[in-house]
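Colleague: Predicted coordinates and the sequence they were generated for:
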Amino acid sequence: MNRQQLQNFLRTTDPEALELLWLTADGMRRCEVGDAIHLRGLCEISSICSRRCLYCGLRADRQIKRDRMSMSEILRAAEKAVELGYGTIVLQAGEDPALSREWVAQVIELIKDSTDLAITLSLGEQSNETLREWRDAGADRYLLRFETSNPELYRRIHPDSKKGRNRLDQLWAMHEMGYQVGSGFMIGVPGQTENDLVNDLLALPRLPLKMIGIGPYLPHPETPLGQHPELYLAPPEDQVVATPLLVWKVIALARLQVPKANIPATTALAVLDEQEGRKLALQRGANVVMPNITPAAQRSLYDIYPSKGRAEAAEQTSDAMTTFDDQLKRDIASIGRTVGTGRGDALWSWKEN
Ligand code: 5AD
């Protein structure tokens, strides 16, 4: 889709145009990736982070309780994922210096030895040497959002970005190493304009992506962006505001931009609209959900953004996890879809396109 078409869809409130967008995205999703919804067990292995991203509640200078899961806790979570029938475990964390190359490689090997799970890593910016070692240990996929395609905005919200290497370089390097690569961006970051959002969508098909994660920016009151948005906001007529409608539009447009990608209905969207967020995303282009399988103790500390659910999640037990899983599977059936079996790998080889 060209710039003008993307812009038109982002702006429209015309019910017929919207209906056309939903039907096209849903039809494209059905043709290209089918009716199965793949479930990925998200395991938040460490809430320790050395970076100071302006939007993120895990930023280094917050004095909060943080924790790292032990190897055996991670293995138990992997068993839980298998028990629930998930084909993938996603290991996510802040950039925790103690998650060493060797330690993570060993975790990957142990999960691979004891399960058939696909392993997705979401461990932030890493050197090529480290990424190669984790790939050799058996990691299948890697998620690293580019967050925004506007380099100036990117630098403003990531005060300690490393010089020289940027996230786009890392995405390409990981693709070369044989990872299935995922990326994406946030919607509504203070300072983000509609033009930026169009550029974010235009960037998607130019990157070697098999997975695309897009969610609303949710202000965290204990971060610089959450505390003082006025210092960062674009002029009111330009500033993107994340409404559920806008997020659904962007997910639908992402499906049209990269037809064969695996696209999750993200948790942040489910937080923004607890009633309909996830379900409508799945009917407007998305085909993946990432249920949280992190044990209660660590999960309550993984405070990226505020969410009502998180308070309750502190009491999450293995039983509560199963209840959530049951409900999710009922929701999937209620919209005429099936639960994916197997690993749910992306079908599409980027190079072949
Ligand atoms: N609101 C929404 N998403 C956030 N992330 C981090 N902080 C926030 C926030 N305040 C997202 C980033 C990151 C992913 C793991 O979580 O896009 O890549």
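Modeller: Here it is on my side, so go on.

Colleague: ok, and the closest non-adjacent residue to the residue nearest the centre of the chain?
Modeller: For the chain, residue 213 is the residue whose C-alpha lies nearest the centre (CA atoms, centre = their mean; 4.2 Å). Once flanking residues are discounted, residue 213 sits nearest to residue 184: 3.8 Å by CB to CB, 6 or more residues apart in numbering. Where you see a C-beta, it was placed from the backbone N, CA and C, and this is true even at glycine.

Colleague: Contact partners for that neighbour?
Modeller: In this structure, residue 184 makes contact with 145-146, 212-215, 254, judged by CB atoms under 8 Å, 6 or more residues apart in numbering.

Colleague: Just the closest residue of the stretch 151-300 of the chain to the ligand, please.
Modeller: residue 218 (3.9 Å; CB to the nearest ligand atom).

Colleague: Checking that residue next. Helix, strand or coil?
Modeller: coil (DSSP: H, G, I helix; E, B strand; the rest coil).

Colleague: Show me what from the stretch 51-200 of the chain comes close to the ligand.
Modeller: Applying CB under 6 Å from any ligand atom, one finds that the stretch 51-200 of the chain approaches the ligand through 55-56, 145, 147, 186.

Colleague: hmm, back to that, shouldn't the residue nearest to the centre of the chain be within a strand?
Modeller: Yes: counting by three-state DSSP, residue 213 falls inside a strand.

Colleague: is it true that it touches residue 267?
Modeller: No: Residue 213 is beyond contact range of residue 267, at 9.9 Å (criterion: CB atoms under 8 Å).

Colleague: hang on, the earlier thing: export the residues of the stretch 51-200 of the chain next to the ligand as TSV, with columns for pLDDT.
Modeller: Listed next are those as TSV, based on pLDDT from 0 to 100:
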residue	pLDDT
55	98
56	98
145	98
147	98
186	98
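
Colleague: Looking at those, which are in strands?
Modeller: residue 186 (DSSP state E).

Colleague: Now do the same for the residue nearest to the centre of the chain: its pLDDT.
Modeller: As predicted, residue 213 sits at a pLDDT of 98.

Colleague: Same question for residue 11.
Modeller: Value for residue 11, per-residue pLDDT: 97.

Colleague: Could you tell me which ranges of the protein sit under the pLDDT cut-off?
Modeller: The chain contains residues with pLDDT under 70 at 163-164, 308-316, 348-353.

Colleague: So in it, which strand runs the longest?
Modeller: Per DSSP E, the chain has its longest strand at strand 36-46.

Colleague: Against which helices or strands is that one packed?
Modeller: Where contact means 3 or more CB pairs under 8 Å, 6 or more residues apart in numbering; DSSP states H and E, strand 36-46 is packed against helix 71-83, strand 88-93, strand 288-289, helix 296-299, strand 338-339.

Colleague: PyMOL command for the buried members of the contacts of residue 184?
Modeller: To isolate the buried ones among the contacts of residue 184 in PyMOL, judged by 16 or more other CB atoms under 10 Å, type:
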select buried, resi 145+146+212+213+214+215+254
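
Colleague: would you turn the contacts of residue 184 into TSV with distance to residue 305?
Modeller: Output for the contacts of residue 184, formatted as TSV (distance: CB to CB, whole Å):
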residue	distance to residue 305
145	14
146	18
212	19
213	14
214	15
215	9
254	21
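
Colleague: Good, we can wrap up now.
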